[in-house]
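Asker: What would the 3D arrangement of this be:
(3 chains)
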Amino acid sequence: MADTQTGQGYWIMKSEPSCYSIDDLKRDKKTMWDGVRNYQVRNMMRDQMQAGDLALFYHSSTKEVGVVGVMEIVGKAYPDPTQFDPKSDHPDPTSDPKSPRWLCVDVAFKQKFPQVVSLELLKESKPLQQLQILKRGNRLSVTPVTKNEFECILKMAV
DNA sequence: GCCAACGTTGGC
DNA sequence: GCCAACGTTGGC
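Answerer: Here you go, the predicted model:
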């Protein structure tokens, strides 16, 4: 979500660490955030995400669920090449290469938190009650957060 | 355009 | 591995 003063956008982006973790990103320094196959998420990436935006890296479906670090959106969203790769995890044979359906974005490692800001802690935090990832049934892998929410989570990480 | 069936997500 | 919740698909 873009801050009205600065235009700076803030996000939470989920990944299962068994698939791709904060340590993988730390090692790679930069990666292509691919595999998004949800229209809402695609539209946010296409319409709202900007280079320089900051994103919290969230580990889902693991022993320690929660926010584990920070990354930066490097550039604008562009067609996700894995949709055309039959050997990828999420090929989409119905997507037309002349008008690609799915987008991805490049992200760069910023920091890994010394400890996980657990889902439990997020739930307990008063200022974070509006977080979309805390809402029942939320399944979006990318969700906007406000500057305040972002900074609140950063403080919880130390 | 409705809606049942199905597949996926993600916390536990 | 269970299951609630949600998105997508496809028959009508």
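
Asker: Contact residues of chain A facing DNA strand C?
Answerer: If contacts are counted using Cβ under 7 Å from any atom of the strand, the residues of chain A sitting beside DNA strand C are A:38, A:39, A:40, A:136, A:137, A:138, A:139. For every residue, glycine as well, the C-beta is placed using N, CA and C.

Asker: Give me the neighbour count for the fourth one.
Answerer: Neighbouring residues of residue A:136 were enumerated by other Cβ atoms under 10 Å; the total is 4.

Asker: Get me the contact residues on chain A for DNA strand B.
Answerer: Taking Cβ under 7 Å from any atom of the strand as the test, the list of chain A residues beside DNA strand B reads A:14, A:16, A:37, A:60-61, A:65, A:119-120, A:133, A:138-141.

Asker: Would you list the buried entries among the residues you listed?
Answerer: A:14, A:37, A:65, A:119, A:133, A:140, A:141 (16 or more other Cβ atoms under 10 Å).

Asker: So which residue is dead centre in chain A?
Answerer: Computing the C-alpha centroid of chain A and ranking residues by Cα atoms, centre = their mean puts residue A:13 first, at 1.7 Å.

Asker: With pLDDT, secondary structure and distance to residue A:6 as new columns, can the residues of chain A next to DNA strand C be given to me in a markdown table?
Answerer: Below are these laid out as a markdown table (pLDDT from 0 to 100; DSSP: H, G, I helix; E, B strand; the rest coil; distance: Cβ to Cβ, whole Å):
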| residue | pLDDT | secondary structure | distance to residue A:6 |
| --- | --- | --- | --- |
| A:38 | 95 | coil | 28 |
| A:39 | 94 | helix | 28 |
| A:40 | 94 | helix | 25 |
| A:136 | 86 | coil | 32 |
| A:137 | 86 | coil | 32 |
| A:138 | 86 | coil | 26 |
| A:139 | 88 | coil | 30 |
